[in-house]
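> sequence first, then the predicted structure, then my questions.
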4 protein chains.
Amino acid sequence: MSSRVGVAIVGASGYAARELFRILLNHPGVAITAATSRQDEAPRVDALHPSLARRIDLVCEPFDADRIAGKADFALLALPHTASMAAVPPLRERGVKVIDLSADYRLADAQVYADWYGHAHTDARGLDEAVYGLPELFRPRIPGASLIANPGCYSSTSILALAPLIAEDLIERSGIIVDAKSGVSGGGRAPKPSFHFPECNENFSAYGVGRHRHTPEIDQVLTAVAGGKGDPVETIFTPHLVPMDRGILATVYAQPKRTAVEHDLIELYRSFYASSPFVRVVSHLPATKDSSFTNFCDITVRVVRGKILVLACLDNLVKGAAGVAVQNLNLMLGHPEETALL
Amino acid sequence: MSSRVGVAIVGASGYAARELFRILLNHPGVAITAATSRQDEAPRVDALHPSLARRIDLVCEPFDADRIAGKADFALLALPHTASMAAVPPLRERGVKVIDLSADYRLADAQVYADWYGHAHTDARGLDEAVYGLPELFRPRIPGASLIANPGCYSSTSILALAPLIAEDLIERSGIIVDAKSGVSGGGRAPKPSFHFPECNENFSAYGVGRHRHTPEIDQVLTAVAGGKGDPVETIFTPHLVPMDRGILATVYAQPKRTAVEHDLIELYRSFYASSPFVRVVSHLPATKDSSFTNFCDITVRVVRGKILVLACLDNLVKGAAGVAVQNLNLMLGHPEETALL
Amino acid sequence: MSSRVGVAIVGASGYAARELFRILLNHPGVAITAATSRQDEAPRVDALHPSLARRIDLVCEPFDADRIAGKADFALLALPHTASMAAVPPLRERGVKVIDLSADYRLADAQVYADWYGHAHTDARGLDEAVYGLPELFRPRIPGASLIANPGCYSSTSILALAPLIAEDLIERSGIIVDAKSGVSGGGRAPKPSFHFPECNENFSAYGVGRHRHTPEIDQVLTAVAGGKGDPVETIFTPHLVPMDRGILATVYAQPKRTAVEHDLIELYRSFYASSPFVRVVSHLPATKDSSFTNFCDITVRVVRGKILVLACLDNLVKGAAGVAVQNLNLMLGHPEETALL
Amino acid sequence: MSSRVGVAIVGASGYAARELFRILLNHPGVAITAATSRQDEAPRVDALHPSLARRIDLVCEPFDADRIAGKADFALLALPHTASMAAVPPLRERGVKVIDLSADYRLADAQVYADWYGHAHTDARGLDEAVYGLPELFRPRIPGASLIANPGCYSSTSILALAPLIAEDLIERSGIIVDAKSGVSGGGRAPKPSFHFPECNENFSAYGVGRHRHTPEIDQVLTAVAGGKGDPVETIFTPHLVPMDRGILATVYAQPKRTAVEHDLIELYRSFYASSPFVRVVSHLPATKDSSFTNFCDITVRVVRGKILVLACLDNLVKGAAGVAVQNLNLMLGHPEETALL
């Protein structure tokens, strides 16, 4: 155990945190040395998550940057947005590296953050230094980062679906349609009317049409992928709620700049992701269940009546949250990217 | 419309109320003339229940016994327990007949009520005059009643499963096991952690073992069915939560007093329920889905290694709540029992 | 009963047939006088559909046009495609009016049928005389029809979503995206690997991308709505499977010809469907559950980044199959359109 | 890799086989060296199980005992019953040790097998030498076994729930009620009407009442636990189907021989399973989801009105099938029991 790196899970009660525990308990180079919760009574981690009984013997403590810095080299933050940007600066000041699973450091422009999240950003330095933690696109920048903005679940799916087309400048950048569907765990663990079982079971609907906060994140990253040349990327992002626990599928429609050939596109995707162990470019239509409880993102491409369709799916709690966080952690620690993730 | 009886739905926002609206909108002898809700802004009924759009043009009002008495001859109360026993006396004083879907008038003994519900009962007169609204057992008493205690959903299922055996004194009265399973709508419409979709989906568990409040109701009614002779009925009632919207199945295990013959028992049940249009004694193993969205209770009997097994199911929101309420209303109004229920 | 019209259900074992029974049993002007099934042993209808026990006392018989003509004025056909076009001519020769729920008479052009369904069409006369049974668009033609082609479930949803925009020539006719999602009952009652519970539960995927047979049906009808002027309508139709029983939601993306204003579009839809009792133009985002077990189609419109989004949903077995069939029957019989459907 | 033991998966296409692959791919002491399937075209393992893409590069071959013996020291058989007892003798003759996940070697008495499975048993020697692979009860016998009969999923749940009570002679041996509930994956991967999504979704029912084949298995093992003294154990076993993928919960009702005290019983269970890492005796009511995708069996005990209730749950595909198979394999190989199972 002496050679293990100490990791703190900050905000231990939610679903993403539970997945972090589950994955990191099998990580040979990591020890979970602290967990924090805002709950009053210092619950044991396995009281919050009974599935972890017999797996972990740890009591949550209130957040205290000094105590965390004394126990951990890395903090993985599974906090709500705005709570994260309050916790990050004191941790970083004490030398703790941070992987933030909230939205607080994903948008490079503080004004865009304020516009979409309704709060001013309070950590300009963090915002400036944060690296967007999508290894498939930004792998070289991750090992040296001290603050990782872990991507949104819809964002990862959408960006991985579109990056090869944007990078190769094959499609029109405006009017891209991302029709996305997610399981309910994406909405978090706090009970709400729309996630009450008899409301969302046997039901399907769109929500937040034109207003979902992953929209500017997707646009920003894909515009960066485009290399700063030409117009910004503008997606029309429509999320839907699927009566299932886990999984996101994005069905993407893009207008090619020149005639698209399905076979060539699949080869492009295979080539683009050749060194990314967690993207599986498949020839069949991907199904969320095949990526559930894995860190894989499955993608295929079709051409229908001249449009390019990309279908991409992943597990929103793993590749869309905790899994990619560990993937980033592995890169920062110099471990193989797949460690604890297969 | 002039010949229709005015009915008020008191407590319009929950699932049982929604079913009352749905059923009564097709009732040829009833007009829904009022609906009440504690919500501040006087919502339209179809804002509370969008499935009823284009079906009903009615605005909820705060509860006011005078106003209700001015509009309705009957009030169907879909309130939480304790709220009902506050609303019933003023309604009855103004001549409004009441069908109460809460638990407040089901237990004849105020002390038993206090023991199980944790509140003193405040309407002794109502408790004394209330008729338990299970038509299959108490049909003759219903037309003349001015206050109906509509049965609990688990209670109806369990009582209908056991009544023929108890009435014929065929089984031991203690140690009867009722292993019951319910869909999630039985827990009501208010969001709670245990009904949060990602918690109860893909999950199955027991709850309230030995403590569920339908236990004394089942015991009291079956003891009455036994005719006051001999020992009281004592069931061991174990509820479980099934990841589905609707439906209750009770699997009942009873010790026969003498050797039981399956075929004879099925004939007994057929005979016992011959004049009850909503009990279907079937030879196959009943499935909740076949009774969903209907007012039927499906029952069969098996003998296994000397024990009698009864399997009974119904839709907890229909035959277990709103449907039987309308069945009672039909009896009170002199309509055929099936009116609006087929 | 003497004044009721006799109706035969041909192909009684599937889900659409079960819904036909359920609905027609409450129809005051109809008597179900015959049911046919290819099953060997002449099953009772309630053996095929245990939910109908106590509701119907009818035994299935093999298909025989003479016997049906002797008992029924109307035949509702819930047969697989190709089986329908074999049954329709003998029925019509004997004076039986037919509402066909299969795909056999939906495509006006026999060659298009052959291309998409892989069989030559064998009833040119029927194809010529069939009326497409979507009352919201073709109401005047239905009363006089002797053969109704009942629309596909995806088709109804998509066509109702787009008809006002096409009729008013507000959008580009090519490149219209219909991203559609359906519950599993749309796949019929025959067990298949893709509908095996552990395969489709907790799963979401697209299927039949670019190849679904409702595509030419949607295009043909919308082109007719366009009035024969200009280019044909060409949709990109992508169906997905949702882990639920019932319901279709279509998310439609269209390019307006001139700047679109959300409020004006909603008003346009309200006006377009003002005399259609089963289309509810709503301002909220519609959810399939609100239309489940009803004959309603719920629709709203949004404008996002210049594109028009239309969201439409209905119950694939009711408004998408059996319900609209009864709506057509009502029009043919001169009953109010809503009879038995509320 | 050279120090890894070669393992063959015989019958690679079902759900239990998929779980075997998933678990063994993370086993440091095992290499999957062969997989067999009766399918004609020698499918790749990841074509049968797309979730395993990028994880395994192996092609299925037809069953051939010589070839398997050339590649593997152990064979894990995930075959239907009767197919297993044909495959086991040739494998064992060639020195391959076998863990059989079918029912073929679970019942010690060939006549009981014939009575319940409808086939004569054809491998008397195997039947004689097989060890029942429930480590919690028979751990000492497993390392030296050459043929393991892997327990049925319902059987494991029921036996682990009852073993402490039987071993301590605390309950009556007849009339024990095991009311069991299982997710649908327990029914296998072959499509059948009862597992068709729209049939079992939103549905709950019992099946095989009094006739389920795990009954004699439970009785036989518990009678062995009783030590051969006194009467045989006789359970009344009632399985039910839950609309979820995974998980079994057994609610067990037993009559104590003397007054039972809840707290003492929980202590008894803790003590009984103290050296069993995969049994978690909990104080809360266990929920299947907390054991899903784990090899844990969660158990608690209650006393209600004098009866003992035991509630036990596990994942039918893991602790109920593939997980316990690997647990047995670990014991046979001398690995820690938890290897690859946490």
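Nice, thanks for sending it over.
> distance check, A:A312 against A:V279.
According to CB to CB, to the nearest Å, A:A312 and A:V279 sit 9 Å apart. Where you see a C-beta, it was placed from the backbone N, CA and C, and this is true even at glycine.
> now the common contact residues for those two.
Counting by CB atoms under 8 Å, 6 or more residues apart in numbering or on different chains, the shared contacts of A:A312 and A:V279 are A:L160, A:C297, A:I299.
> related to what we said a few turns ago, who has more neighbours, A:A312 and A:V279?
Comparing A:A312 with A:V279 by other CB atoms under 10 Å in any protein chain shown, the one with more neighbours is A:A312, at 28 against 24.
> in the one helix or strand A:S156 maps to, what's buried?
Secondary structure assignment for A:S156, by DSSP states H and E: helix A:153-167. For helix A:153-167, burial by neighbour count (16 or more other CB atoms under 10 Å in any protein chain shown) applies to A:153-166.
> may I see those residues arranged in CSV, with pLDDT as well?
Formatted as CSV, the buried residues of helix A:153-167 follow (pLDDT from 0 to 100):
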residue, pLDDT
A:C153, 98
A:Y154, 98
A:S155, 98
A:S156, 98
A:T157, 98
A:S158, 98
A:I159, 98
A:L160, 98
A:A161, 98
A:L162, 98
A:A163, 98
A:P164, 98
A:L165, 98
A:I166, 98
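> closest one of those to A:V233?
Among these, A:I166 lies closest to A:V233 (CB to CB), at 6.3 Å.
> gap between that closest one and chain D?
From A:I166 across to chain D, the span is 24 Å (CB to the nearest CB, to the nearest Å).
> which residues of the stretch 151-300 of chain A lie near chain C?
Listed as neighbours of chain C in the stretch 151-300 of chain A under the rule CB under 8 Å from any CB of the partner chain: A:174-175, A:177, A:179, A:181, A:183, A:199, A:201-207, A:209-210, A:234, A:236, A:238, A:240, A:242-247, A:249, A:251, A:253, A:255, A:285-289, A:292.
> overlap between those residues and the residues near chain D?
Filtering these for proximity to chain D by CB under 8 Å from any CB leaves A:E202, A:A287, A:K289, A:S292.
> on contacts alone, who are the packing partners of the helix holding A:S156?
Under the contact definition 3 or more CB pairs under 8 Å, 6 or more residues apart in numbering or on different chains; DSSP states H and E, helix A:153-167 sits against helix A:135-138, strand A:174-182, helix A:214-225, strand A:234-241, strand A:248-254, helix A:262-272, strand A:297-304, strand A:307-314.
> run through who's touching the first one.
Yep, that's helix A:135-138 we're talking about. With contact meaning CB under 8 Å, 6+ apart, helix A:135-138 is reached by A:131-132, A:142, A:159-160, A:163, A:221, A:225, A:273, A:276, A:278-279, A:324, A:327-328, A:331, A:337.
> if you set the cut-off to 6 Å instead, what comes out?
Residues from elsewhere that reach helix A:135-138 (CB atoms under 6 Å, 6 or more residues apart in numbering or on different chains): A:Y132, A:S276, A:V279, A:Q327.
> quick one: strands adjacent to the next helix or strand after that helix?
Next helix or strand after helix A:135-138 toward the C-terminus (DSSP H and E): strand A:147-149. Strand A:147-149 has the following strand partners under DSSP bridges: strand A:97-100 (parallel), strand A:131-132 (parallel).
> one step back: got the contact list for the helix holding A:S156?
A:171, A:178, A:180, A:186, A:214, A:217-218, A:221-222, A:225-226, A:248, A:250, A:252, A:254, A:268-269, A:272, A:297, A:310, A:312, A:314, A:316, A:320-321.
> the stretch 101-250 of chain A against chain B: which residues are in contact?
A:184-185, A:191-193, A:195-198, A:200-202, A:245 (CB under 6 Å from any CB of the partner chain).
> in contact with the residue in the stretch 51-200 of chain A that chain C sits nearest to, which residues?
Relative to chain C, the nearest point of the stretch 51-200 of chain A is A:D179 (4.3 Å; CB to the nearest CB). Contact partners of A:D179, counting by CB under 6 Å, 6+ apart, are A:T238, A:T251, C:D179, C:T251.
> out of the residues you listed, who's nearest chain B?
Comparing the contacts of A:D179 against chain B with CB to the nearest CB places C:T251 closest, at 18.3 Å.
> ok, and the closest non-adjacent residue to that closest one?
Spatially, and ignoring its direct neighbours in sequence, C:T251 is nearest to C:D179 (4.7 Å; CB to CB, 6 or more residues apart in numbering or on different chains).
> end-to-end on stretch A:282-294?
In stretch A:282-294, first residue to last residue: 16 Å (CA to CA, to the nearest Å).
> tell me which residues in that stretch are buried?
Neighbour counts over stretch A:282-294 (16+ other CB under 10 Å) mark A:V282, A:L285, A:P286, A:A287, A:T288, A:K289, A:D290, A:S291, A:S292, A:F293, A:T294 as buried.
> burial measure for the spatially closest residue to the fifth one that is not a sequence neighbour, as a count.
Read it as A:T288. Once flanking residues are discounted, A:T288 sits nearest to A:G247: 3.0 Å by CB to CB, 6+ apart. Per other CB under 10 Å, the neighbour tally for A:G247 reads 31.
> would you map out the domains in chain A?
Annotated domains of chain A cover A:5-129, A:154-316 [automatic domain parsing].
> pick the most buried one from those domains.
By mean neighbour count, with neighbours taken as mean count of other CB atoms under 10 Å in any protein chain shown, domain A:154-316 ranks first of these at a mean of 21.
> what is the end-to-end distance of stretch A:8-25?
End-to-end distance for stretch A:8-25: 12 Å, by CA to CA.
> hang on, the earlier thing: which of the ones next to chain D among the residues of the stretch 151-300 of chain A next to chain C sits closest to A:T82?
The shortest approach to A:T82 among these belongs to A:S292, at 30.3 Å (CB to CB).
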